[in-house]
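Trainee: Structure here, sequence nowhere to be found:
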């Protein structure tokens with residue numbers, strides 16, 4: 001029996017993980033079904049647009065600018081070893097638009113939005129506000145989850161687009177003012193190197209990452225434990241899951257768009 005204890009513990013962990021995946025899949029399916037059925041809470045949707053989109057813009061913008069500038073410095077330093085410093089504009093544009101822009105925004109949204117949503121909904125559950133919604137014949141998923149997911153579906157791709165532009169601008173400023181690149185040549189190389197597929201993949205990743213972040217925040221809040229400890233645990237686990245799923249989704253979507 002002692003020898004079987006580790007195997008039993010591993011089995012319990014595997015079953016628990018599969019059960020959690022199943023509950024999350026059901027939650028996501030219910031969210032999709034409620035999106036296409038009335039009623040629709042426009043005020044909650046507008047508030048979610050403000051919180052997820054507009055209020056996330058400063059942190060996304062600053063992160064993108066500094067990331068683009070650091071990327072230009074790194075590529076220049078590495079390229080100088082092989083005398084290929086001239087490819088800095090192309091690699092900065094490609095790296096930011098295809099990978100760094102959407103992933104960076106996805107992780108920022110997971111850190112800022114997922115934690116906020118999970119803490120808010122978990123607190124509502126602890127204080128029995130969700131039970132009050134049910135008493136008032138208001139479906140909690142329609143009122144709390146659907147507006148946030150729809151808002152993320154709209155705003156996060158826009159944030160990714162802004163992050164891509166600011167990231168390229170950060171690389172441009174560093175390259176022109178610190179590395180001696182010609183401004184016109186730098187911009188020309190950047191524009192000519194980016195293809196429509198790169199932009200489409202970046203925005204599609206943003207939409208997927210926004211849905212992941214908001215669904216995980218709502219799921220964590222709805223399934224939180226009681227008390228302050230339950231709220232904290234729900235917030236932590238939601239952010240961790242959103243970050244990991246964002247990176248996993250990035251890998252899968254990169255394979256879909258660029259496997260050929």
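Mentor: Noted; the coordinates are in hand. Note that the coordinates shown come from a computational prediction; the quantities given were computed from them, not determined experimentally.

Trainee: which residues of the stretch 51-200 of the chain score low on pLDDT?
Mentor: 84 (pLDDT under 70).

Trainee: Now for the closest residue to residue 121 other than its chain neighbours: which residues touch it?
Mentor: Once flanking residues are discounted, residue 121 sits nearest to residue 221: 2.6 Å by C-beta to C-beta, 6 or more residues apart in numbering. All C-beta spots, glycine's among them, are computed from the backbone N, C-alpha and C. Shown in contact with residue 221 (C-beta atoms under 8 Å, 6 or more residues apart in numbering): 117-122, 124-125, 144, 234, 238.

Trainee: can you map out the strands along the stretch 101-250 of the chain?
Mentor: Using DSSP state E, counting those that start in this stretch, the stretch 101-250 of the chain contains no strands.

Trainee: was I right about residue 124 contacting residue 130?
Mentor: Yes: using C-beta atoms under 8 Å, residue 124 makes contact with residue 130 at a distance of 5.2 Å.

Trainee: Could you pull out the residues contacting both of those two?
Mentor: In contact with both residue 124 and residue 130: residue 144, using C-beta under 8 Å, 6+ apart.

Trainee: per-residue pLDDT, residue 202?
Mentor: Note on residue 202: pLDDT of 93.

Trainee: Next up, the contacts around it.
Mentor: Contacts of residue 202 (C-beta under 8 Å, 6+ apart): 97-98, 101-102, 160-161, 164.

Trainee: mind running it again at 7 Å?
Mentor: Going by C-beta atoms under 7 Å, 6 or more residues apart in numbering, residue 202 touches 97-98, 101-102, 160, 164.

Trainee: May I see those arranged in CSV, with neighbour count and distance to residue 186 as well?
Mentor: CSV is the format used below for the contacts of residue 202 (neighbours: other C-beta atoms under 10 Å; distance: C-beta to C-beta, whole Å):
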residue, neighbour count, distance to residue 186
97, 26, 15
98, 23, 19
101, 30, 18
102, 32, 23
160, 29, 22
164, 27, 16
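
Trainee: quick check, nearest of those to residue 177?
Mentor: Distance to residue 177 across those (C-beta to C-beta) is lowest for residue 164, with 20.7 Å.

Trainee: hang on, that closest one packs against residue 101?
Mentor: Yes: using C-beta atoms under 7 Å, residue 164 is in contact with residue 101, at 4.0 Å.

Trainee: Spell out the secondary structure type for residue 38.
Mentor: coil (DSSP: H, G, I helix; E, B strand; the rest coil).

Trainee: All set now, cheers.
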